[in-house]
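A.B. asks: generate a structure from the sequence data that follows.
(2 chains)
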Amino acid sequence: GNSVTQMEGPVTLSEEAFLTINCTYTATGYPSLFWYVQYPGEGLQLLLKATKADDKGSNKGFEATYRKETTSFHLEKGSVQVSDSAVYFCALSDLSGTYKYIFGTGTRLKVLA
Amino acid sequence: ETGVTQTPRHLVMGMTNKKSLKCEQHLGHNAMYWYKQSAKKPLELMFVYNFKEQTENNSVPSRFSPECPNSSHLFLHLHTLQPEDSALYLCASSQGDSTRTGELFFGEGSRLTVL
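C.D. replies: Modelled structure (predicted):
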């Protein structure tokens, strides 16, 4: 079946450091891929998405590229801020009969001033 | 109002109580979802509805009973819950088209505590 694997957290970085959160997936066909962010006490918000191979999603300085050959969708940011501290979820759209979305376990990011 | 709205935001109930969670979406979507988020566990899909029809029940115990009267409203009726059911319950909606390129839009969640 379809699945998403994310790196374990927490990830702790100093402000202005480079961020990478790894995400790999297993899926049949060509799903769309997503990164969501969850701030404390809130629901999940879409951060970025990519709908086909080699697409790059970007938003608020975050980027991720849909790599079909490595089945990956790693999240990157060149310079993190304290306000980026949150939990990040990688997800894919399931192309089977029901309208399911499969999520990774989430990676907590802590950015220290 | 815009987006996906969930009420109540916080709920405390005893194991013998009956309560309901409500979700409303103002995005014109046709698919709606309930997810459960517990501490230190992955996000769990509970139910999916598409055009008011249930398309997914992820082996959820019968003490959770969903209701989808129309494409804009989704309820989760709760009855004789257990303390381990305490969690954040997230509602979401999507366009539900066959291309699967659209994203999920989440509400802010209902924090449930079962005593």
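A.B. asks: please count neighbours and contacts with C-alpha atoms only from this point.
C.D. replies: Fine.
A.B. asks: mind listing what B:Leu104 touches?
C.D. replies: B:Leu104 makes contacts with A:Leu46, B:Ala92, B:Ser93, B:Ser94, as judged by C-alpha atoms under 8 Å, 6 or more residues apart in numbering or on different chains.
A.B. asks: which SSE is A:Thr24 in?
C.D. replies: strand A:23-26 (DSSP states H and E).
A.B. asks: and that strand, how far from the chain's centre?
C.D. replies: 10 Å (C-alpha atoms, centre = their mean, to the nearest Å).
A.B. asks: so what strands line up beside the next helix or strand after that strand?
C.D. replies: Per DSSP H and E, the first helix or strand lying C-terminal to strand A:23-26 is strand A:33-38. As defined by DSSP bridges, the strand partners of strand A:33-38 come to strand A:44-50 (antiparallel), strand A:86-93 (antiparallel).
A.B. asks: who does residue 35 bridge with?
C.D. replies: No chain in the question, so chain A it is. Bridge pairing for A:Trp35 - DSSP bridges - gives A:Leu48, A:Cys90.
A.B. asks: to clarify, I was referring to chain B.
C.D. replies: B:Leu45, B:Leu90.
A.B. asks: pLDDT score assigned to the residue of chain B most remote from its centre?
C.D. replies: Relative to the mean C-alpha coordinate of chain B, counting by C-alpha atoms, centre = their mean, the farthest residue is B:Thr99 (23.4 Å). pLDDT recorded at B:Thr99 is 70.
A.B. asks: now the closest residue to chain B within chain A, what are its backbone angles?
C.D. replies: Nearest residue of chain A to chain B, counting by C-alpha to the nearest C-alpha: A:Gly43, 4.0 Å away. Main-chain torsions, A:Gly43, degrees, to the nearest 10: phi -80, psi -180.
A.B. asks: burial count for it?
C.D. replies: By other C-alpha atoms under 10 Å in any protein chain shown, 20 other residues sit near A:Gly43.
A.B. asks: list the contacts for it?
C.D. replies: Contacts of A:Gly43 by C-alpha under 8 Å, 6+ apart are B:Leu90, B:Phe106, B:Gly107, B:Glu108, B:Gly109.
A.B. asks: so the first one touches B:Leu43, yeah?
C.D. replies: No: at 9.4 Å, B:Leu90 does not count as touching B:Leu43 under the criterion of C-alpha atoms under 8 Å.
A.B. asks: higher neighbour count, those two?
C.D. replies: B:Leu90 (26 against 20).
A.B. asks: per-residue pLDDT, that one?
C.D. replies: 96.
A.B. asks: check which helix or strand covers the residue farthest from the centre of chain B.
C.D. replies: Going by DSSP H and E, B:Thr99 is not in any helix or strand.
A.B. asks: roughly how far apart are the residue nearest the centre of chain B and chain A?
C.D. replies: In chain B, the centroid-proximal residue (C-alpha atoms, centre = their mean) is B:Trp34; its distance is 2.8 Å. Distance check for B:Trp34 against chain A: by C-alpha to the nearest C-alpha, to the nearest Å, it reads 11 Å.
A.B. asks: since that was my last question, I'll sign off now.
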